[in-house]
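Q: Sharing a model that was predicted from the sequence below.
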2 protein chains.
Amino acid sequence: MQVTGTATQILDVAQELVQTRGYNAFSYKDLEARVGIRTASIHYHFPTKADLGTAIAKRYRDFVNSKFAEYEAKEVTAPKRLQRYAGLLESVLTKGNRICVGGMLASDYATLPLEVQTEVSAFIHDNERWLARVLKEGRAAGELAFDGTPEVLATTLFSALEGAMFVARSTGDHGRYRRTAEWLIGTLMSPRVAARRR
Amino acid sequence: MQVTGTATQILDVAQELVQTRGYNAFSYKDLEARVGIRTASIHYHFPTKADLGTAIAKRYRDFVNSKFAEYEAKEVTAPKRLQRYAGLLESVLTKGNRICVGGMLASDYATLPLEVQTEVSAFIHDNERWLARVLKEGRAAGELAFDGTPEVLATTLFSALEGAMFVARSTGDHGRYRRTAEWLIGTLMSPRVAARRR
DNA sequence: TCATACCTACCTACTGATAGGTTATGGTCA
DNA sequence: TGACCATAACCTATCAGTAGGTAGGTATGA
């Protein structure tokens, strides 16, 4: 048995299809050829599509949460941490025109099985909570300057970056994402920090 | 006989399904019961689903473009025009948990027929172009203050508002959209930002 | 010998789409 | 006027293909 078992392989392929086509636009049949086993065998690993969707969402949430920990360990300042976060999503976009799993499933939200919906809501919550903390600490440290609460700005940041992925893909211009991310973070940097950057 | 013909009625119902479920998550069968005619009859009005999707996208784009003209006629200042724009999307969200047609189709982009893709790209372009003009004029008039080009900020604004719709719906909290919109526009009018530019 | 992991074969329901028939309306012309 | 015809707008019936899912059998290795 490999380090990457069949179940993991199924998750990898299915996740890519979720990120490019969306939850309702891929089927077990699509997985068949790419994974190399029959649809019935995929049902052995993931009895229902809801199970598969939930597994994808859970794994992705864990992955992103691990990135949060990584960024906090590696980067000391809030602006750097935000840049890392924006860079993570950018790499998703660049690697095969993909969309963040959370953002894509959010767009399919009304049609998702309940357990997947719950996972999506939790994903958004995790992202916003982490962003809010980074923003709060950054402002306290004088690295960031902004009006309003960290919570509101966290939602705004998350919404903007997720939305920018859709816009970038629909216009065939990945630069749109990058410029949006740069504008947002640049605007948050305090005059002192911004001045040093020039 | 009626003021609203059958074709219009089909478009109304189909558009609602696009806005709530997405392009791939509704079928002619879904329209049957709600419109009150058989799927075959719907094919009479819209031969293919691509035709239907294109008609929905085109009509919505025209609708939004007409709103642009309306806001320019009714409102004199840039902040007011931006507030109107944000309010338009908010009313879409509030009225039946809907998503902007452009944003929803952008999320389905990779699976759309070519003609619908083209329409989606054009919708984004129209929105960004109008926003960029409002921002440019607003800055020239001293009503707004921001770093960077109007074009970049237009993309950011559009991305953020569209993304905020998804986030609001997935968290069951429409207030998230409103607060995001208010933060964005508020930041553009902020004296602090204006002072920083000098 | 027993669980794991795969298979073939099949199911029901639905997908977008087509063929061809029915009905109502309204215009043309001997 | 009335016979005729065209068209619009619907219908039933059907298509081939796909959806997610199930039943039950088989190979393999501990």
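A: Yep, that arrived. Numbering: from 1, shown residues only, chains lettered A, B, ... in the order given.

Q: just checking, residue A:98 is part of a strand?
A: No: note on residue A:98: no strand contains this position according to DSSP: H, G, I helix; E, B strand; the rest coil, which reports coil.

Q: Need the per-residue pLDDT for the residue found closest to it once you drop the neighbours it is linked to in the chain.
A: Computed as CB to CB, 6 or more residues apart in numbering or on different chains, the closest residue to residue A:98 that is not its neighbour in sequence is residue A:19, at 3.9 Å. Any C-beta I mention is one placed from the backbone N, CA and C, and that applies to glycine too. pLDDT, residue A:19: 98.

Q: Distance of residue A:19 relative to residue B:73?
A: Distance of residue A:19 to residue B:73, computed by CB to CB, to the nearest Å: 42 Å.

Q: Pick out whichever of these two has more residues nearby.
A: Counted by other CB atoms under 10 Å in any protein chain shown, residue A:19 and residue B:73 do not tie: residue A:19 has more neighbours, with 24 against 8.

Q: Quick check, residue A:90 in contact with residue A:179.
A: No: the pair formed by residue A:90 and residue A:179 falls short of the contact definition of CB atoms under 8 Å, at 11.0 Å.

Q: ok, the residue nearest to residue A:98 - contacts?
A: Neighbouring residues of residue A:19 by CB atoms under 8 Å, 6 or more residues apart in numbering or on different chains: A:92, A:96, A:98, A:99, A:100, A:101, A:104.

Q: Please convert the buried members of those into PyMOL selection syntax.
A: Buried residues within the contacts of residue A:19, as defined by 16 or more other CB atoms under 10 Å in any protein chain shown, are selected in PyMOL through the command that follows:
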select buried, chain A and resi 92+98+99+100+101+104
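
Q: With respect to DNA strand C, which of the contacts of residue A:19 is nearest?
A: When these are compared for distance to DNA strand C (CB to the nearest atom of the strand), residue A:104 wins out at 19.8 Å.

Q: any idea which element the residue nearest to residue A:98 lies in?
A: Residue A:19 belongs to helix A:6-21 when elements are defined using DSSP states H and E.

Q: Next, the buried residues of that helix.
A: Of the residues in helix A:6-21, those scored as buried under the neighbour-count criterion (16+ other CB under 10 Å) are A:6, A:9-11, A:13-21.

Q: and that helix with DNA strand C, contact?
A: Yes: using CB under 7 Å from any atom of the strand, a contact is recorded between helix A:6-21 and DNA strand C, made by residue A:6.

Q: helices or strands next to the helix or strand just after that helix in the packing?
A: Counting by DSSP H and E, the next helix or strand C-terminal to helix A:6-21 is helix A:28-31. Under the contact criterion of 3 or more CB pairs under 8 Å, 6 or more residues apart in numbering or on different chains; DSSP states H and E, helix A:28-31 touches helix A:6-21, helix A:39-45.

Q: can you tell which of those is closest to residue A:56?
A: Evaluated over the helices and strands packed on helix A:28-31, closeness to residue A:56 peaks at helix A:6-21, with 5.0 Å, by CB to CB.

Q: ok now do whatever residue of chain A ends up closest to chain B, which residues does it touch?
A: When distances are taken as CB to the nearest CB, chain A approaches chain B most closely through residue A:163, which lies 2.7 Å from it. Taking CB under 8 Å, 6+ apart as the contact definition, residue A:163 lies against A:103, B:103, B:158, B:159, B:160, B:161, B:162, B:163, B:164, B:166.

Q: which stretch of helix or strand covers it?
A: Here residue A:163 sits within helix A:150-171, counting by DSSP H and E.

Q: could you check the angle helix B:175-189 makes with the very next helix or strand once past that helix?
A: Next along the chain after helix A:150-171, taking DSSP H and E as the criterion, comes helix A:175-188. With axes from the mean of the first three to the mean of the last three CA atoms, to 10 degrees defining the directions, helix A:175-188 sits at 70 degrees from helix B:175-189.

Q: and for helix A:175-188, what are the contacting residues?
A: A:79, A:82-83, A:86, A:89-90, A:93, A:135, A:138, A:144-146, A:153, A:157, A:160-161, A:164-165, A:167-168, A:194, B:146-148, B:152-153, B:155-156, B:159, B:187, B:193.

Q: Buried ones among these?
A: The neighbour-count test (16+ other CB under 10 Å) marks A:79, A:82-83, A:86, A:89-90, A:93, A:135, A:138, A:144-146, A:153, A:157, A:160-161, A:164-165, A:167-168, A:194, B:146, B:152-153, B:155-156, B:159, B:187, B:193 as buried among those.

Q: give me the number of residues near the closest residue to residue A:6 other than its chain neighbours?
A: Leaving aside its chain neighbours, residue A:6 sits nearest to residue A:45 (6.3 Å; criterion: CB to CB, 6+ apart). As a burial measure, the neighbour count of residue A:45 was computed by other CB under 10 Å and equals 18.

Q: tell me which parts of chain A are close to DNA strand C?
A: A:1, A:5, A:6, A:36, A:37, A:38, A:39, A:40, A:41, A:44, A:45.

Q: who wins for proximity to residue A:131 among the helices and strands packed on helix A:28-31?
A: With respect to residue A:131, and counting by CB to CB, the nearest of the helices and strands packed on helix A:28-31 is helix A:6-21 at 21.0 Å.

Q: Briefly note if that closest one comes near DNA strand D.
A: No: no part of helix A:6-21 sits near DNA strand D under the criterion CB under 7 Å from any atom of the strand; the closest distance found is 10.0 Å.
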